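> coords please:
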Amino acid sequence: MKIREMVGQLFVFGFSGSKFSPELKRTLRNFHPGGLILFSENYENPEQLSELVAEVNQGRKEFPLFFLVDQEGGAVNRLSRPFSHFPGNGVFGLLEPRPLKEASPETPGGKKKAKPRREAEITARSIPDFTEYDRMVRKAVKLAYLQGEVQARELRAVGVGWNLSPVLDLKNAQSKVLEGRCFGKTSEWVSEIGLAFIAGLQDNGVLACGKHFPGHGATAEDSHYCLPRVKLPAETVLRDHLRPFVRTISNGLKTLMPAHVIYPGLDSSAPATLSPRIIGGMLRKAFGFNGLVITDDLGMNAIKKDFGVGPAACLAFQAGVDILMVAKKPDEQEEAFEAVIKAVEQGEIEEERLRVSLQRISRQKKSHQVFLPLDPKERKKILGSKEHKKAVRDLSSLA
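I've put the predicted structure just below:
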């Protein structure tokens, strides 16, 4: 494989239109991307999408392209009906038990006394109702697994093998950035629901992607428009926000997406996407994650305005990322690709480092994760089936 082909495998590009157009053919010929991400404009109906996937991957037995999509549910559904449209992940939060609060003692006059400045005693009232919690967890886990299973079966039917989901960030009442996209407020709850959802996808042959490592929930700003900072102590990030990622990594999560967010307690200068401390040190070395790490779109303002798309592509890869996503503009795709080519040719990126990521990518592509579409008759049985419609109703009934 030539250097340009090797570097191309590191990239996921977006594209315009819903056909295997001359422009898309040129992109594949010039840059050899390892995958394509689908948006609403790339989809007309299951037949069109299946044909597109089959045309793109025809004859690419050794290095087929990943087809990726954000099919989370709620407001983030790129593929419209007959694909099942689940409500947003926020519905799972409706099942999350609220922590019990111990009542403050009252004075004879009816006024509450100020709480003493000491650790509260453990009383019967301060012990959670684990029976109720377990019941809620079992119900939510069953529904989360079912959603992942349904989505996987439908995506496989059209040849899409990678769902950029689930969001593993914690819900924060002060932040509207991820509203409706988080499973809940506590790390324990989000971990349980996330594990079930991931298993539903991956048990049925579609890659799941935990995002946005090490936690985007505490940000008030949107990384589509600016570079947010998480103003929390490192201890809080590690204790709470990081836990769902650690749990899912330990239980077979295959891909992960870092956040375009700065965590001063972990790295004061670089967002997680570009941070050797967070990706190379924490994620790769401390947690031993050997799956695929894919960036969010490097064309987002959080990255583009402060670093530039080309330099950011090199920094992300050097930090330990495997796959670089440039979702929108062809000129930015070319800029990023040529920047990495130049860095490899000048020795700034060592070929051994390149081979490590190519091995991770190849391992997934040689597994059962990359598909050609199913036979049209089989596809029709799956999409819009009664069982899938019932699954949507069951989850929607929680709202």
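> So which residues of the stretch 251-399 of the chain form helices?
Ranges of helices within the stretch 251-399 of the chain are 301-307, 309-319, 330-345, 351-365, 376-382, 386-396, based on DSSP state H, counting those that start in this stretch.
> Can you pull the poorly scored residue ranges out of the stretch 251-399 of the chain?
When residues are selected by pLDDT under 70, those of the stretch 251-399 of the chain lie in 368-370.
> coming back round to it: of the helices of the stretch 251-399 of the chain, give the one that comes closest to residue 88.
helix 386-396 (10.1 Å; Cβ to Cβ). From N, CA and C alone the C-beta is placed, and that goes for glycine too.
> Return the most buried member of the helices of the stretch 251-399 of the chain.
Of all the helices of the stretch 251-399 of the chain, helix 309-319 carries the top mean neighbour count, a mean of 24, counting by mean count of other Cβ atoms under 10 Å.
> what's the angle between that one and helix 351-365?
90 degrees (axes from the mean of the first three to the mean of the last three Cα atoms, to 10 degrees).
> that older thread, so can I have JSON lines of the helices of the stretch 251-399 of the chain showing distance to residue 66?
Below are these laid out as JSON lines (distance: least, Cβ to Cβ, whole Å):
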{"stretch": "helix 301-307", "distance to residue 66": "21"}
{"stretch": "helix 309-319", "distance to residue 66": "17"}
{"stretch": "helix 330-345", "distance to residue 66": "16"}
{"stretch": "helix 351-365", "distance to residue 66": "7"}
{"stretch": "helix 376-382", "distance to residue 66": "20"}
{"stretch": "helix 386-396", "distance to residue 66": "24"}
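> Can you tell me which of those helices is nearest to residue 259?
helix 301-307 (8.9 Å).
> which residues sit against that closest one?
Residues outside helix 301-307 that contact it (Cβ atoms under 8 Å, 6 or more residues apart in numbering) are 223-228, 260-261, 271, 273-274, 298, 309, 312, 315, 332.
> what's near enough to touch residue 153?
204, 382, 388.
> now it: how far from residue 297?
According to Cβ to Cβ, to the nearest Å, residue 153 and residue 297 sit 27 Å apart.
> Kindly report the same for residue 147.
Distance from residue 147 to residue 297, by Cβ to Cβ: 25 Å.
> Neighbour count for those two, which is higher?
Using other Cβ atoms under 10 Å as the criterion, residue 147 and residue 297 rank with residue 147 on top: 29 against 21.
> what's near enough to touch the more buried one?
Contacts of residue 147 by Cβ under 8 Å, 6+ apart are 73, 86, 197, 200, 391, 395.
> Looking at the helices of the stretch 251-399 of the chain, which is nearest to residue 45?
Per Cβ to Cβ, nearest to residue 45 of the helices of the stretch 251-399 of the chain: helix 376-382, 10.9 Å.
> Could you list the residues in contact with that closest one?
Contacts of helix 376-382 (Cβ under 8 Å, 6+ apart): 46, 47, 50, 153, 154, 157, 158, 373, 374, 388.
> Please export the C-alpha coordinates of that helix as CSV.
This file holds the C-alpha atoms of helix 376-382, laid out as CSV (Å, rounded to 0.1, in the frame of the first residue of the first chain):
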residue,chain,number,x,y,z
PRO,A,376,-34.0,-6.3,-0.8
LYS,A,377,-36.6,-8.8,0.5
GLU,A,378,-34.8,-9.4,3.7
ARG,A,379,-34.2,-5.6,4.1
LYS,A,380,-38.0,-4.9,3.7
LYS,A,381,-38.8,-7.5,6.5
ILE,A,382,-36.5,-5.7,8.9
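> Could you pick out the buried ones from the contacts of helix 376-382?
46, 50, 153, 154, 157, 158, 373, 374, 388 (16 or more other Cβ atoms under 10 Å).
> Does the fourth one belong to a helix, a strand or coil?
To tie it back to what came earlier, the one meant is residue 154. State at residue 154, reduced to three classes by DSSP: H, G, I helix; E, B strand; the rest coil: helix.
> quick revisit: from the contacts of helix 301-307, pick the one nearest residue 64.
residue 298 (23.2 Å).
> What segments of the stretch 1-150 of the chain are helices?
Here the stretch 1-150 of the chain has its helices, by DSSP H, counting those that start in this stretch, at 3-8, 22-31, 46-57, 90-93, 130-157.
> and residue 248, how far is that from residue 183?
12 Å.
> Next: residue 61.
38 Å.
> okay, the two: which has more neighbours?
The residue with more neighbours, out of residue 61 and residue 183, is residue 183; 30 against 7, by other Cβ under 10 Å.
> Wait, that one touches residue 94, no?
No. Between residue 183 and residue 94 there is no contact, the gap being 10.6 Å when judged by Cβ atoms under 8 Å.
> ok, back up a step: mind checking the helices of the stretch 251-399 of the chain for the one nearest to residue 285?
Here helix 309-319 is closest among the helices of the stretch 251-399 of the chain (Cβ to Cβ), at 12.2 Å.
> just checking, what packs against the closest one?
helix 301-307, strand 324-326, helix 330-345, helix 351-365 (3 or more Cβ pairs under 8 Å, 6 or more residues apart in numbering; DSSP states H and E).
> closest to residue 284 out of the ones you listed?
Residue 284 lies closest to helix 351-365 among the helices and strands packed on helix 309-319, at 10.0 Å (Cβ to Cβ).
> how far off helix 330-345 does the closest one point, in degrees?
130 degrees.
> Can you tell me what sits against helix 351-365?
6-7, 9-10, 34, 63-64, 66, 207, 254, 290-292, 317-318, 321-323, 344, 370.
> Just the buried ones among those, please.
6-7, 9-10, 34, 63-64, 66, 207, 254, 291-292, 317-318, 321-323, 344, 370.
> what sits against residue 343?
For residue 343, counting by Cβ under 8 Å, 6+ apart, the contacting residues are 314, 317, 349.
> Specify which member of those residues is nearest to residue 171.
residue 317 (31.7 Å).
> okay but that closest one is in contact with residue 7, surely?
No. The criterion here is Cβ under 8 Å, and residue 317 misses it with residue 7 at 9.4 Å.
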